[in-house]
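Enquirer: would you be able to build a 3D model of this:
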Amino acid sequence: MIFRLGGIAIKPQYRLLAILFFVLLIAYADRVNASILIADESFLRDLGLQGKPVALGMIMTLFLLPYALANMLFSPLGDVFGPRKVMTVATAAWAPAMALGGLSPSVAVLFASRILLGLAEGVHWPMQSKYVGNWFEPEKRARANSLWLMGLILGPAFSMRFLVWLIQSAGWRASFFTLALINVIPVILLWFCTADAPSGIKRAGMGQAAATQPLSLSLRAYYKQIITDYRFWLVTFFSFCHASMWWGTIAWLPTYLKNTQGFSWGNTGTWASLPYFAGAIAAVLIGYFSDRLKRRGIFAVLSLLGSVAGILASLFSTSQFYAAFFITGSITSLAAGLPIIWTMLQGILPGQASGAGAGLMNGLANGGAAFAPVMVGLFINWLGNFKGGFMYLALMGLLGVAAMLPLLRESR
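Expert: Numbers count the residues shown, from 1 in each chain. This is a model prediction of the structure:
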C-alpha cells in the first residue's frame, strides 16, 4: 500500500521510519537539555549547583538508572500488546516530566522530573527496534536502523543550538516548557499513523494496529534462549562500553567546550551541534556498507577505535580549534556505530521476543553506563580538569573493542 503526501508516493515502511526518526529526535532533545543547562550559570545559581560537579553528573545518571530499569521491566509488554500501544502510552508521560522540570523550585524536584522522564522513555528504544524487526527483512535492517537512529544524532544537532539560544533569550525554565509542548506531537503520530506490522495497514494505513501474534513460547523460555546465547552478552557489553562513552561525552560536552576550552555560548552551541550532523552522515554510510559487506563486527570495532582516538587527541591538544575538532570526530565515530549494535542484536534475538530482548540489552547497557557522567564529574572534582574523566571513557572504549573481537565475522 502506497501512502501519498502532496502527490508524492511514500511506502508505509518509510513513513514509519520518518515517524520513528521524529520521535527519537524529540526524545534526545529532552535528554541533551540537561547537558546544556549544567553549563548555564543562572540554572546553577537558582538550584544551588555551583561548584558541585558530582551533583551535575547525577542529573544525567538519575535519568539513566530508571531508564535502564524500565527497559528491562516494561519492554516485554511490547511483545504482548504490540509496540504501538506501549510506545504511545509511555510517550504520553514525556510532557508532564518536562513540565515538572521547568517548575522545579529545588534540585530535589529536578531530580524527580529526571527519574520520571527516564521511566517514561525506558521502553522507547526496544519498541522502535521491534517496529523495525516487524517491518523490514534482515538484509535491509542496518539501513532502516540507520535512518531512524538519525533522530538520536540529529536531535542533539538541532536542539543544542536551539536550546542555547532559548536559554539565553528566555531563561532555563523556558527550555523545559517548550519541550513539554513539543512532546505532545509524538503521541499523536504514534497512535494515529503507525501499525505494529504491515498486516495492520488498512487503506491509507492510519491508526490501524496489527494483530499481535501470540507468543509460541513463554517469556521465561524466550529469556532462557536469549541469556544462553554468548553473542547476546558480547553485544550487550559492547553496547555498555559504547553507551558509557556516549553519555559521558554528551553530558559534559557543552561544559567542556565553554568552561575548559573557553568558547563563547554561541560557539559552544555550534561546536556542540557539529558532531551530530557529521554523525548522521556517517551512520547512514555505515548502515549501507554494513548491509552490503555483511561484516557488522568490523564496523563496530572501527567505531569505538575512532572514538577513543578522537577523545584522546582532544584531551592532549594544545589548540582550542583542534580540541573541538577531535571531540567532534570522537562523537561522530560513536554515532556511526549505533546502527550496527541494533542490527546485530536483531539478528540474534528470537523475533517474537525481540522487544523483551532489546529491553534487556538496552537496560543492562544503559544501567551500567548511567554512572559514566558521575564518574567524569568525580574526576573533575578530584583533579580539577577533564583528563581523568576522558581517560576513563577511552578505557571503556578499548574494553568494548575487546568484547567485539569474537564477533568480527558476524554477518547478521
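
Enquirer: relative to the whole chain's centre, how far out is stretch 232-239?
Expert: 16 Å (Cα atoms, centre = their mean, to the nearest Å).

Enquirer: stretch 125-135 now?
Expert: That offset, for stretch 125-135, works out to 15 Å (Cα atoms, centre = their mean).

Enquirer: in that stretch, which residues are buried?
Expert: Trp125, Pro126, Met127, Gln128, Ser129, Lys130, Tyr131, Val132, Gly133, Asn134, Trp135 (16 or more other Cβ atoms under 10 Å). In this view, the C-beta of every residue, glycine as well, is placed from N, C-alpha and C.

Enquirer: my read is that the first one contacts Asn362, right?
Expert: Yes - between Trp125 and Asn362 there is a contact at 5.1 Å, judged by Cβ atoms under 8 Å.

Enquirer: pLDDT below threshold where in the stretch 251-400 of the chain?
Expert: Along the stretch 251-400 of the chain, segments meeting pLDDT under 70 span 350-354.

Enquirer: the helices in it, which residues?
Expert: All helices of the stretch 251-400 of the chain, identified by DSSP state H, counting those that start in this stretch, fall at 265-293, 296-315, 320-348, 354-369, 372-383, 387-404.

Enquirer: which of those helices sits closest to Gly57?
Expert: With Cβ to Cβ as the criterion, Gly57 lies closest to helix 372-383 of the helices of the stretch 251-400 of the chain, at 3.2 Å.

Enquirer: could you list every helix and strand that the closest one packs against?
Expert: Where contact means 3 or more Cβ pairs under 8 Å, 6 or more residues apart in numbering; DSSP states H and E, helix 372-383 is packed against helix 53-74, helix 230-255, helix 387-404.

Enquirer: mind listing what the most centrally placed residue in the chain touches?
Expert: Note on the chain: the residue nearest the mean C-alpha position is Leu152, at 5.3 Å, using Cα atoms, centre = their mean. Contact analysis of Leu152 by Cβ atoms under 8 Å, 6 or more residues apart in numbering lists Leu24, Leu25, Ala27, Tyr28, Ala335, Leu338.

Enquirer: apart from its neighbours in sequence, what residue is nearest the fourth one?
Expert: Translated: Tyr28. Gly155 (3.0 Å; Cβ to Cβ, 6 or more residues apart in numbering).

Enquirer: CA-only coordinates of the helix or strand containing the one you found in CSV, if you can.
Expert: For Gly155, the element it lies in under DSSP states H and E is helix 150-170. The C-alpha trace of helix 150-170 is given here as CSV (Å, rounded to 0.1, in the frame of the first residue of the first chain):
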residue,chain,number,x,y,z
MET,A,150,19.4,9.7,12.8
GLY,A,151,16.9,11.1,15.2
LEU,A,152,19.3,10.3,18.0
ILE,A,153,22.1,12.0,16.1
LEU,A,154,20.2,15.0,14.7
GLY,A,155,18.2,15.5,17.9
PRO,A,156,21.3,16.9,19.7
ALA,A,157,22.4,18.6,16.4
PHE,A,158,19.4,20.8,16.1
SER,A,159,18.4,21.1,19.8
MET,A,160,21.9,22.1,21.1
ARG,A,161,21.9,25.3,19.1
PHE,A,162,18.2,26.0,19.6
LEU,A,163,18.3,25.4,23.3
VAL,A,164,21.4,27.6,23.8
TRP,A,165,19.5,30.4,22.1
LEU,A,166,16.3,29.7,24.0
ILE,A,167,18.0,29.6,27.4
GLN,A,168,19.9,32.8,26.6
SER,A,169,16.7,34.6,25.4
ALA,A,170,14.0,33.3,27.8
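
Enquirer: rewinding a little: overlap in contacts, Trp125 and Asn362.
Expert: Common neighbours of Trp125 and Asn362 (criterion: Cβ under 8 Å, 6+ apart): Asn71.

Enquirer: can you tell me which of the buried residues of stretch 125-135 are in helices?
Expert: Using DSSP state H, the subset of the buried residues of stretch 125-135 located in helices is Trp125, Pro126, Met127, Gln128, Ser129, Lys130, Tyr131, Val132, Gly133, Asn134, Trp135.

Enquirer: which of the residues you listed sits closest to Ala280?
Expert: Gln128 (16.5 Å).

Enquirer: ok, the closest residue to the closest one other than its chain neighbours - contacts?
Expert: Excluding the flanking residues, the one nearest Gln128 by Cβ to Cβ, 6+ apart is Leu20, at 5.2 Å. Residues in contact with Leu20 (Cβ under 8 Å, 6+ apart) are Gln128, Tyr131, Val132, Trp148, Gly151.

Enquirer: and the last one, what does it touch?
Expert: With Cβ under 8 Å, 6+ apart as the criterion, the residues that contact Gly151 are Leu20, Phe21, Phe22, Val23, Leu24, Leu25, Ile26, Ala27, Tyr28.

Enquirer: the fourth one now?
Expert: In this structure, Trp148 makes contact with Leu17, Leu20, Phe21, Leu24, Gln128, Val132, judged by Cβ under 8 Å, 6+ apart.

Enquirer: per-residue confidence at the second one?
Expert: We have a pLDDT of 91 for Leu20.

Enquirer: and it, which helix or strand is it part of?
Expert: Using DSSP H and E, the element containing Leu20 is helix 12-37.

Enquirer: please identify the buried residues of that helix?
Expert: 12-13, 15-37.

Enquirer: look up how far Trp191 lies from the spatially closest residue to Gly122 that is not a sequence neighbour.
Expert: Ranked by Cβ to Cβ, 6+ apart and with sequence neighbours excluded, the top spatial neighbour of Gly122 is Ala70, at 2.3 Å. Per Cβ to Cβ, to the nearest Å, Ala70 is found 20 Å from Trp191.

Enquirer: pick out whichever of the two has more residues nearby.
Expert: Using other Cβ atoms under 10 Å as the criterion, Ala70 and Trp191 rank with Ala70 on top: 22 against 17.

Enquirer: tell me the contacts of Ser239?
Expert: Residues in contact with Ser239 (Cβ under 8 Å, 6+ apart) are Ile341, Leu345, Met361, Asn362, Ala365.

Enquirer: just the closest of the residues you listed to Val401, please.
Expert: Checking the contacts of Ser239 one by one against Val401 (Cβ to Cβ), the nearest turns out to be Ile341, at 13.4 Å.
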